[in-house]
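>>> okay, sequence plus prediction incoming.
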Amino acid sequence: MKLNVFQEAFCGGTLVSLRWVVTAAHCVRKRLYVRLGEHDLLLRNRGEVEMKVTEAVIHPRYDPDTVVNDVAMLRYV
């Protein structure tokens with residue numbers, strides 16, 4: 001799984017349930033997509049699926065200055 005902004009990969013994540021991905025809070029942007037099934041960034045069209053992120057939940061005690069609690073959950077459709 002990877003996170004995309006403008007079709008470029010910039011962070012990874014882990015699928016933890018049917019519609020939720022865990023990633024780093026510093027990766028959260030306004031417009032995000034997750035690409036499921038991505039195993040090799042150099043090979044395209046190998047069955048990966050891109051889904052729009054509809055909700056981002058950042059850890060309430062995340063501190064971008066110290067990167068403490070750098071975790072977020074993303075819901076996609």
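The structure has been received and is ready for your questions.

>>> which strands border the host helix or strand of Met73, and is each parallel or antiparallel?
Here Met73 sits within strand 72-76, counting by DSSP states H and E. Using DSSP bridges, the strands paired with strand 72-76 are strand 20-23 (antiparallel), strand 49-58 (antiparallel).

>>> now the shortest one: buried residues?
Looking back up the chat, that one is strand 20-23. 20-21, 23 (16 or more other C-beta atoms under 10 Å). The C-beta positions use only the backbone N, C-alpha and C, and glycine is treated the same way.

>>> picking up where we left off before, got the contact list for the strand holding Met73?
3, 13, 16, 19-25, 27-28, 32-34, 51-59, 62 (C-beta atoms under 8 Å, 6 or more residues apart in numbering).

>>> what bits of the protein have low per-residue confidence?
Residue ranges of the chain with pLDDT under 70: 1-9, 39-41, 44.

>>> how about the strands of this structure, start to end?
Counting by DSSP state E, the segments of the chain that form strands are 2-5, 8-12, 14-15, 20-23, 33-36, 49-58, 72-76.

>>> of these, which is nearest Leu42?
Across the strands of the chain, Leu42 has its closest neighbour in strand 8-12 (11.2 Å, C-beta to C-beta).
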